[in-house]
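Enquirer: heads up, no residue letters with this:
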DNA sequence: CTGAAAGCGCTTACAG
DNA sequence: CTGAAAGCGCTTACAG
């Protein structure tokens, strides 16, 4: 190499205001852009000494590759989309925090995309979102994860995705994070059986929701296994809303009263609380109530609500981690199991069982 | 132009699988890429006929410009960041929905970024986020919007931002969306005065939060204007948590009891509810309670809670809209005013005033 | 009003 | 293990 003039300034660093680019790093390190690129992308085809020298330089300069330029060259962005369909606020936020746990310092960012699954152009809307932004991957949150339409569309356009689902389902293309809602409901049944309840009622979620079906089946089967068959008159379909909990509570408490009511989510349990309060019933003495979600509400109600905790943040973390790991990763399905949190809304029944 | 071979296929459309690019559109329309670019960017320097022809073609082909390529060329992405610091879940979600309302079909997307304002590297973390992603703009949500550190950093790196703030503050560089928490608290005072309450207590938020200070001042000033000076013993500082509401309720109801308690958010009001229930007090007969936020909780509690509605979604919408509009827009500050929702937790005091 | 050239900061495909 | 050339899909700066 021909001798250069001794530099007056301490080497040609990138200009003050502007961020360093791969060209700056290459020049400063005395290697080609391609070598720097290999290091950015963790290619093994770089000598150790070269790698370490360049990495030290990148750290010193505070270099970070431009995701826009990388995305353009890769034909794929560094964005993970989260698609959800209006569940409760706490659930969405927990899921976001979980995904962000996995994405932190990874160079990926989380883009949120609510949608209305019932709307006919939901699939088209998500497709446009994914294709236009060239998303790296998509997390499908219940209830957007239910039904196969979105998953099939994502498969068709070759987009990675992870689905949080209440129960295992058929999916050849995406990752599944199964939350086993059925097990949580069965645990509720076990708790009520252990307390000695025989006069038990159930407020379900909307039959269109897979989670609702799972909770219903898990609960009824476990009760039946414990020798209690719940009559149809004590099974009321709600829609996960507070109001539907109120309505169900009014119906159930107007008849021969059960000693315990399992509500398929906390909001509906709050509705039952309201009816019980108006009827001057004491929870848990006159009535045991159980919810599902372990939302903040569960601790805020009085008495505090026995409920099923879902580990939502953990589900979100696993989903996001699966999307940013190597595609050849060998874990198509993960399990996150719920568990019962016993609080003050459940106790032994006061009244003797009506039969026997 | 020299004669071309008659095309066997109906013109050289972009290949089946791949999305059309600006080059395809230019070729198909018989104009230069630059002209298409002008149309994408709404430049007036295009003849109307040309514009309409090209727009029709873009629609027909389903062309949408690649945000990665545009971002690289513009040195700025089409992403709006939302920075928040752990307020309640419903508040975050409402804010996100609001921002998304404004961003829908705009080509911009929303990237969420929680941060811990108390952490010393919060500012650095947000700076890295903004610079690495070359964000188009940032929405600062309370409490991340309080304090000048983040705003000053964003100004320094020349990043557009909009701040949702509880009260007007000094800010030369960003947009302000002022929620006037003070007015909401004053309205609560007016409501309690109108009902005839004179024995009134206040549970404040943490003194470090601007929203808490605003609500406290608004409430105390309006009560004073109505002739009621609240003694210091009836002003308890909470931290917006349920537990702090319980603690405040226990303190307040152990002394000479007030006939009304204004809690600076709904969660703390739920804490007071719990204490009242344990003490077998009837709300609102024995005690009126008012919250702030009008969260879903307000409707779920029994009796339903009188509270202040904040129009959070609207705030988020205005903030996002301000960021994607022309920079020369003449509206540095917008106002979103809260208003009181009267429900079942407030009534006239039962007892005669202690003093005449 | 319109366009040809160069460039944004990376990566792929190829060559050594 | 390393690099020079071409390209990803746009825009800027310049010229007409």
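Expert: Here it is on my side, so go on. Being a predicted model, the structure only gives us computed values, none of them experimental.
Enquirer: give me the element residue A:303 is part of.
Expert: Secondary structure from DSSP states H and E places residue A:303 outside every helix and strand.
Enquirer: surely it meets residue A:284?
Expert: Yes - look at residue A:303 against residue A:284 with CB atoms under 8 Å: they come within range, at 6.7 Å. Using the backbone N, CA and C atoms, a C-beta is placed for each residue, glycine as well.
Enquirer: between those two, which one's more packed in?
Expert: A direct count of neighbours by other CB atoms under 10 Å in any protein chain shown for residue A:303 and residue A:284 places residue A:284 higher, at 22 against 19.
Enquirer: Now for the more buried one: which residues touch it?
Expert: By CB atoms under 8 Å, 6 or more residues apart in numbering or on different chains, the residues touching residue A:284 are A:303, A:344-347.
Enquirer: Drop anything exposed from those.
Expert: Those of the contacts of residue A:284 that meet the buried threshold are A:303, A:345-347, by 16 or more other CB atoms under 10 Å in any protein chain shown.
Enquirer: before we move on, the earlier item: which one of the contacts of residue A:284 sits closest to residue A:129?
Expert: Lowest distance from residue A:129 to the contacts of residue A:284 (CB to CB) belongs to residue A:345, with 41.3 Å.
Enquirer: is it true that the closest one lies in a helix?
Expert: No - assignment of residue A:345 by DSSP: H, G, I helix; E, B strand; the rest coil gives coil, placing it outside any helix.
Enquirer: Please report the distance of it from residue A:272.
Expert: Using CB to CB, to the nearest Å, one obtains 10 Å as the distance from residue A:345 to residue A:272.
Enquirer: and residue A:239, how many residues sit next to it?
Expert: By the measure other CB under 10 Å, the count of residues near residue A:239 is 19.
Enquirer: residues contacting it?
Expert: By CB under 8 Å, 6+ apart, residue A:239 lies in contact with A:205-206.
Enquirer: Would you state the secondary structure element containing it?
Expert: Applying DSSP H and E, one finds residue A:239 in no helix or strand.
Enquirer: Then the one 5 residues further on?
Expert: Counting by DSSP H and E, the element that carries residue A:244 is helix A:242-254.
Enquirer: go on, residue A:177?
Expert: Applying DSSP H and E, one finds residue A:177 within strand A:175-178.
Enquirer: which neighbours does that strand have in its sheet, and in what orientation?
Expert: strand A:161-165 (parallel), strand A:333-335 (parallel) (DSSP bridges).
Enquirer: Tell me the buried residues in the first one?
Expert: Of the residues in strand A:161-165, those scored as buried under the neighbour-count criterion (16+ other CB under 10 Å) are A:161-165.
Enquirer: Switch those over to TSV; also include pLDDT.
Expert: Shown next, in TSV, are the buried residues of strand A:161-165 (pLDDT from 0 to 100):
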residue	pLDDT
A:161	95
A:162	96
A:163	96
A:164	97
A:165	96
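Enquirer: Out of these, which two sit at the greatest distance?
Expert: Among the buried residues of strand A:161-165, the pair separated by the greatest distance (CB to CB) is A:161 and A:165, which sit 11.7 Å apart.
Enquirer: Common neighbours of residue A:303 and residue A:284, please.
Expert: A:344-345.
Enquirer: can you tell me how far residue A:152 sits from DNA strand D?
Expert: 25 Å (CB to the nearest atom of the strand, to the nearest Å).
Enquirer: next one: residue A:130
Expert: Residue A:130 is 16 Å from DNA strand D, by CB to the nearest atom of the strand.
Enquirer: quick one: the strands in the stretch 201-350 of chain A?
Expert: Assigned by DSSP state E, counting those that start in this stretch, the strands in the stretch 201-350 of chain A fall at A:235-237, A:260-263, A:288-290, A:307-309, A:333-335, A:339-341.
Enquirer: any idea which of those strands scores lowest on pLDDT?
Expert: The weakest mean pLDDT among these belongs to strand A:333-335, with a mean of 92.
Enquirer: quick revisit: to DNA strand D, which of the strands paired with strand A:175-178 lies closest?
Expert: For those, the distance to DNA strand D is smallest for strand A:161-165, at 22.4 Å, taking CB to the nearest atom of the strand.
Enquirer: How far away from the center of its chain is that closest one?
Expert: Its chain's C-alpha centre and that of strand A:161-165 lie 8 Å apart, by CA atoms, centre = their mean, to the nearest Å.
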